[in-house]
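Trainee: My questions concern the predicted model and sequence given below.
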Number of protein chains: 2
Amino acid sequence: MKKLPVELRQLEYFQMAARLRNLTRAAERLHVSQPNVTVAIKKLEHALGIQLFDRSQKQLSLTPEGNVFLARADSALHTIHDAILELDDYKQLQKGTIRIGIPPMIGAYLFPRIFSSFQQQHPQLSIYLYEEGSMAIREKLEGDDLDFSFCRWQHASLSLESPTIIR
Amino acid sequence: MKKLPVELRQLEYFQMAARLRNLTRAAERLHVSQPNVTVAIKKLEHALGIQLFDRSQKQLSLTPEGNVFLARADSALHTIHDAILELDDYKQLQKGTIRIGIPPMIGAYLFPRIFSSFQQQHPQLSIYLYEEGSMAIREKLEGDDLDFSFCRWQHASLSLESPTIIR
DNA sequence: TACAGTTACGTCCAACGTAACAATA
DNA sequence: TATTGTTACGTTGGACGTAACTGTA
């Protein structure tokens, strides 16, 4: 595997410049001085051995190769951005509280075993257990007062359509 | 869009360390000194606010979060790697020669118009035109002596199965 | 003691901002 | 002349390697 001749910052500068078609405004948005954007993109072009922008007009535009590369840069930056969001969720889960709704009938007989084994695996998690009837649970779940619940009904409302499986 | 707190080099170091489960050997493979790998990964962990490696054992291993992040890092690095390969192809095309096989019958009547408009759009490309019979063209194509051809036959050989469309 | 990882430190490159310059409408 | 991009330059943060230190089989 050859070493990558590209820097993430260069990709970000290029992405912004390509979107705004204007180095000055891109620099403002990126909170850096304008020459840095010029230089970063020039270095990127040199590293890739290809011209990304057409500078012949007043309004700069992407070359065809620039367009190709932009799509890839978008994808890579998006992937990294998502990874960070994903880890943020993870962190929140690690120190957070899980609010579970559960009907008394199930809760009394089935839940204790699950609960104690879960607590062993995730000692940093607090679990708040709401033992209530299905209708009350449904209301709390829709109001985001519960994270999830064990219960069952015929017609789920639209706001609760995506099922989540946690193992 | 918030600024990314991550560097590509950090991702590369992390990726190699995760694969080899050994910072010393990772450093060798990456052609950098071993402390740099330690520091880079620590900075990455700090930037992400999460622990990527379990260092409690002799042989280090990924934490669950580390595994999650590795998949994303792999994806991002792969995307950028692919982008560079794609541009390399593009560059080769830009300064290269396209070798086209075409049967005389088609070539004489249909090709001149296409050829001249293509030359206008890509003046840097040389086109070598081989006007021959289908069997001769097929042999040259399979031997990589032609880039593509216009012709038609019943049973294409296995080495020519992937069709390419260039517009 | 051998091996893997961390900490400390001095060096150097490259990213930064400021400022001067060039080009185009 | 106003606007946008480029070139020049001095400063500095951070990535590097060397070396000393820590911890564990």
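Mentor: Received the coordinates, thanks. Numbering: from 1, shown residues only, chains lettered A, B, ... in the order given.
Trainee: Helix or strand with the lowest mean pLDDT in chain A?
Mentor: For chain A, counting by mean pLDDT, DSSP states H and E, helix A:104-109 ranks last in confidence among helices and strands (a mean of 68).
Trainee: Which elements pack onto the helix or strand following that one?
Mentor: Downstream of helix A:104-109, the first helix or strand assigned by DSSP states H and E is helix A:111-121. Contacts defined by 3 or more C-beta pairs under 8 Å, 6 or more residues apart in numbering or on different chains; DSSP states H and E place helix A:111-121 against strand A:126-131. The C-beta positions use only the backbone N, C-alpha and C, and glycine is treated the same way.
Trainee: Can I get the strand it packs on in CSV, CA atoms only?
Mentor: What follows is strand A:126-131, C-alpha atoms only, in CSV (Å, rounded to 0.1, in the frame of the first residue of the first chain):
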residue,chain,number,x,y,z
SER,A,126,-28.4,3.3,34.2
ILE,A,127,-31.7,1.7,33.4
TYR,A,128,-34.9,3.3,34.3
LEU,A,129,-37.8,0.9,34.1
TYR,A,130,-41.3,2.1,33.6
GLU,A,131,-43.7,-0.7,34.3
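Trainee: Compute the inter-axis angle for that strand and helix A:111-121.
Mentor: 170 degrees (axes from the mean of the first three to the mean of the last three C-alpha atoms, to 10 degrees).
Trainee: List the strands paired with strand A:126-131, with their directions.
Mentor: strand A:97-102 (parallel) (DSSP bridges).
Trainee: Can I get the partner strand as CSV, trimmed to CA atoms?
Mentor: Provided in CSV are the C-alpha atoms of strand A:97-102 (Å, rounded to 0.1, in the frame of the first residue of the first chain):
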residue,chain,number,x,y,z
THR,A,97,-29.4,6.2,30.8
ILE,A,98,-31.7,3.8,28.9
ARG,A,99,-35.4,4.3,29.6
ILE,A,100,-37.4,1.2,29.0
GLY,A,101,-41.1,0.7,29.1
ILE,A,102,-42.4,-2.7,29.9
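Trainee: Okay, buried residues for it please.
Mentor: A:98-102 (16 or more other C-beta atoms under 10 Å in any protein chain shown).
Trainee: same check, this time on stretch A:68-83
Mentor: So stretch A:68-83, judged by 16+ other C-beta under 10 Å, has buried residues A:68-70, A:72-73, A:75-77, A:79-81, A:83.
Trainee: Cool, thanks, signing off.
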